[in-house]
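In: Here is my input; please provide its structure:
(chains A, B, C and D)
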2 protein chains.
Amino acid sequence: MGVVRKTQSVSLVLEAFKADSKAISVIDLVDRFNDKINKTTVYRVLDRLEDDGVLHSFLGVNGIKWYAPCKDCSEHKHSDVHPHFQCTDCGKIDCLNVDITIPKLPNREVVGAQVLIQGKCEACCN
Amino acid sequence: MGVVRKTQSVSLVLEAFKADSKAISVIDLVDRFNDKINKTTVYRVLDRLEDDGVLHSFLGVNGIKWYAPCKDCSEHKHSDVHPHFQCTDCGKIDCLNVDITIPKLPNREVVGAQVLIQGKCEACCN
DNA sequence: AGTATATTTGCAACTTAGTTGCATTAATAG
DNA sequence: CTATTAATGCAACTAAGTTGCAAATATACT
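Out: Next up, the predicted model:
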């Protein structure tokens, strides 16, 4: 179901994620492409790529949207239960390959969770 | 150090939290008091109450700011490691009295974490 | 290749959450 | 009850994200 067309904008965005394979904030992407892709288009491309299971999104410390490449996400079932780590020094975000166990909650039906761990990243620890 | 004066605005805001003791979004508070307290003042009162360790803040699903009464938070050391639960049906948020264990991360210094669990709340499960 | 169709894009204008500066008001100390 | 300092209201602003619509472009079909 190639709902997502391989346009120039899509290629550019995907290249950005291939380059450093970390999470990138929408703001950063909009800024990075501000002479090549329109702001609105960046938002829409990211939206489509998320729908297609290529990227997944989450919120950083200030409620800013970030995207990262999906590894184990399929189009319909996003396994977004992995935590993200945001550095308080440089602000960069990594996806962590760790599983966080969400406790069973009586009388509640859990469908997902967002975990954002804050601290100093590997680079900033030196 | 009574840096926070007991003004009318502060009393009104505190009453709101005493009333239902759940988390309340800033948007809700601004709206609730829109004929009694100026929007800017609501933001500033919440800010001060958080500094004083009376309330703690966190972000809901759409990056909207929420506040909840602190139980074990002191003025200088906020023990904000408890998770929050946001209902996907009614949108309300509870503080959970559960501890989430953050895994040890090699080469990183963890200073905190924000955990937002999503699902159906007790009321909406019936 | 050339054309039809549907998706994608750019633009401008808008919405919404949150912030800032500054003059006025009100709480507390003395 | 006055002086001092913190708190408030207002208006204007910032920044992230959205919407509608006309123009452009990718794909499917012949």
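
In: What lies in contact with the strand or helix carrying A:Leu12?
Out: Per DSSP states H and E: A:Leu12 is located in helix A:8-20. Contacts to helix A:8-20, defined as CB atoms under 8 Å, 6 or more residues apart in numbering or on different chains, come from residues A:4, A:24, A:29, A:32-33, A:36-37, A:41-42, A:45-46, A:48-49, A:54-55, A:67-69. (Each C-beta comes from the backbone N, C-alpha and C, glycine too.)

In: any idea of the mean pLDDT for it?
Out: Summarised as a single mean, pLDDT over helix A:8-20 is 93.

In: got it, and stretch A:54-73?
Out: Stretch A:54-73 comes out at a mean pLDDT of 88.

In: DNA strand C contacts on chain A?
Out: Within chain A, the positions lying close to DNA strand C (CB under 7 Å from any atom of the strand) are A:3-5, A:7-10, A:36-38, A:40-41, A:44-45, A:48, A:63.

In: Try it again at 6 Å.
Out: Within chain A, the positions lying close to DNA strand C (CB under 6 Å from any atom of the strand) are A:3-5, A:7, A:9-10, A:37-38, A:40-41, A:44-45, A:48.

In: neighbour-wise, which of these leads?
Out: Tallying neighbours with other CB atoms under 10 Å in any protein chain shown puts A:Val45 at the head of the residues of chain A next to DNA strand C, with 22 neighbours.

In: pretty sure it is in a strand, no?
Out: No. A:Val45 sits outside any strand when classified using DSSP: H, G, I helix; E, B strand; the rest coil, being helix.

In: quick one, what contacts it?
Out: So A:Val45 contacts A:Thr7, A:Ser9, A:Val10, A:Val13, A:Ile37 (CB under 8 Å, 6+ apart).

In: ok, those residues vs A:Lys104, which is closest?
Out: Distance to A:Lys104 across these (CB to CB) is lowest for A:Val13, with 38.7 Å.

In: rewinding a little: show me what counts as buried in the helix holding A:Leu12.
Out: A:Ser9, A:Val10, A:Leu12, A:Val13, A:Leu14, A:Phe17 (16 or more other CB atoms under 10 Å in any protein chain shown).

In: quick one: that helix to chain centroid distance?
Out: Put simply, helix A:8-20 sits 13 Å off its chain's centre (CA atoms, centre = their mean, to the nearest Å).

In: Quick one: name whatever helix or strand follows it.
Out: Under the assignment DSSP H and E, the closest C-terminal helix or strand after helix A:8-20 is strand A:24-25.

In: Please pull up the helix or strand immediately following that following strand.
Out: Per DSSP H and E, the helix or strand that comes after strand A:24-25 is helix A:26-32.

In: For the closest residue to chain B within chain A, list the residues it contacts.
Out: Residue nearest to chain B within chain A: A:Gly63 (2.7 Å; CB to the nearest CB). Contact partners of A:Gly63, counting by CB under 8 Å, 6+ apart, are B:Leu59, B:Asn62, B:Gly63, B:Ile64, B:Lys65.

In: Compute the number of surrounding residues for the residue nearest to the fourth one when sequence neighbours are not counted.
Out: This means B:Ile64. Distances taken as CB to CB, 6 or more residues apart in numbering or on different chains put B:Ser25 closest to B:Ile64, at 5.4 Å, once the chain neighbours are dropped. Using other CB under 10 Å, B:Ser25 is surrounded by 18 other residues.

In: distance of B:Ser25 from DNA strand D?
Out: Separation of B:Ser25 from DNA strand D (CB to the nearest atom of the strand, to the nearest Å) stands at 16 Å.

In: Just the buried ones from the contacts of helix A:8-20?
Out: Using 16+ other CB under 10 Å, the buried members of the contacts of helix A:8-20 are A:24, A:29, A:33, A:37, A:41-42, A:45-46, A:48-49, A:54-55, A:67-69.

In: any idea where the helices of chain A begin and end?
Out: All helices of chain A, identified by DSSP state H, fall at A:8-20, A:26-32, A:39-51, A:122-125.
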